[in-house]
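A.B. asks: Sequence below, structure please.
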Amino acid sequence: MVDFFITNAYAQAASPQQGGGSFLVMMVIFFVIFYFMLMRPQMKQAKEHKKLIDNLSKGDEVVISGGLLGRITLIDENFIVLEIASQTEVKIQKQSVTSLLPKGTIKEIK
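C.D. replies: The predicted structure follows:
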């Protein structure tokens with residue numbers, strides 16, 4: 001009597017395989033979006049930062065990544081000496097400079 005309510009389960013016919021072309025197109029579109037949203041702006045920002053670092057000169061007023069601001073008193077190949085107060089100098093890496101300030105900014109802040 002139990003067999004009366006149980007129906008046989010038959011396997012369905014396999015669906016035909018679709019080509020991988022749509023997957024490939026989707027991956028190319030994903031890479032293009034990834035490039036224009038992430039990689040390209042990052043490369044542009046790195047290029048601008050390198051240009052900023054290369055154009056530093058003695059007397060420039062800069063802000064470093066830690067938030068300190070000061071005037072450059074000495075420039076080396078990899079390091080700069082930054083005067084953050086009168087008679088107070090620190091030696092930092094060039095790469096830590098984040099922005100160049102207009103001349104006279106430090107005097108205005110004091």
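A.B. asks: what's the domain layout of this structure?
C.D. replies: Following automatic domain parsing, one gets these domains for the chain: 19-55, 57-110.
A.B. asks: nearest to Ala9, of those?
C.D. replies: Relative to Ala9, the nearest member of these by Cβ to Cβ is domain 19-55, separated by 30.7 Å. Where you see a C-beta, it was placed from the backbone N, CA and C, and this is true even at glycine.
A.B. asks: buried set for the closest one?
C.D. replies: By neighbour count on 16 or more other Cβ atoms under 10 Å, the buried set for domain 19-55 is Leu52.
A.B. asks: CSV for the domains of the chain, including distance to Asn8 and mean pLDDT?
C.D. replies: Formatted as CSV, those follow (distance: least, Cβ to Cβ, whole Å; pLDDT from 0 to 100):
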stretch, distance to Asn8, mean pLDDT
domain 19-55, 34, 91
domain 57-110, 71, 92
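A.B. asks: Spatially central residue for the protein, please.
C.D. replies: For the chain, the residue whose C-alpha lies nearest the mean C-alpha position (Cα atoms, centre = their mean) is Gln42; its distance is 4.7 Å.
A.B. asks: coming back round to it: could you dump the domains of the chain to JSON lines with distance to Thr7?
C.D. replies: Output for those, formatted as JSON lines (distance: least, Cβ to Cβ, whole Å):
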{"stretch": "domain 19-55", "distance to Thr7": "36"}
{"stretch": "domain 57-110", "distance to Thr7": "71"}
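A.B. asks: how about the strands in the protein?
C.D. replies: Per DSSP state E, the chain carries strands over the ranges 61-64, 69-75, 79-85, 88-93, 97-101.
A.B. asks: what about the closest residue to Gly66 other than its chain neighbours, how many neighbours?
C.D. replies: Spatial nearest neighbour of Gly66, chain neighbours left out: Ser96 (7.1 Å); criterion: Cβ to Cβ, 6 or more residues apart in numbering. Neighbours of Ser96 under the rule other Cβ atoms under 10 Å: 16.
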